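**Student:** turn this into a structure:
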Amino acid sequence: MTTIPSRLAQVTRISSSPSEARTRVIDLYRAWVRAAPEIIELYTLPVTPAYIRLCIRQKFEANRHVTDPRAIEVLLLKGRQELQETLNCWKQPDHVMGLLLKPNDRPQRSFLQKFYEGRDEDAVLPAASGVV
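**Tutor:** I've put the predicted structure just below:
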């Protein structure tokens, strides 16, 4: 398949209401889900489309609690940008496997384990975590 960078380009726009933002989030989610087989084909990934769809759903569910309209707009912009970069083959297969499909859940630790480490990781996120 020939890559046409402008194929996925969209004008940046701001949602005028929460319902419009919700519609845009759903459209972005559908675009990611529909692209799952194409992502596997482009990067020759050793996973099934169902697994990619599961990972995509987990990424969207992780931001379900966001209610600030500005934060939603930033997440939409980043999500659309990631989709465009992924489908235009501007990533390496390791990027797709590591960034998109890697779960970023931390193992549960008890209070004492956190105390011995000297900090509470739930309260402090690293600067490069990508969490808005």
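
**Student:** now do the lengthiest helix in the chain: distance to the chain's middle.
**Tutor:** Secondary structure of the chain per DSSP state H: the longest helix is helix 18-43. Chain-centre distance of helix 18-43: 10 Å, with C-alpha atoms, centre = their mean, to the nearest Å.

**Student:** so after that helix, what's the next helix or strand?
**Tutor:** As assigned by DSSP states H and E, the chain's next helix or strand after helix 18-43 is helix 49-62.

**Student:** report the angle between that next one and helix 18-43.
**Tutor:** Orientation note: helix 49-62 sits at an angle of 150 degrees relative to helix 18-43 (axes from the mean of the first three to the mean of the last three C-alpha atoms, to 10 degrees).

**Student:** what does helix 49-62 contact?
**Tutor:** Residues outside helix 49-62 that contact it (C-beta atoms under 8 Å, 6 or more residues apart in numbering): Val25, Tyr29, Trp32, Val33, Ala36, Pro37, Ile39, Ile40, Leu45, Leu100, Leu101, Pro103. From N, CA and C alone the C-beta is placed, and that goes for glycine too.

**Student:** buried residues, it. List them.
**Tutor:** Pro49, Ile52, Arg53, Cys55, Ile56, Lys59, Phe60 (16 or more other C-beta atoms under 10 Å).

**Student:** over to stretch 24-41?
**Tutor:** Buried residues in stretch 24-41, counted by 16+ other C-beta under 10 Å: Arg24, Val25, Leu28, Tyr29, Ala31, Trp32, Ala35, Ala36, Ile39, Ile40.
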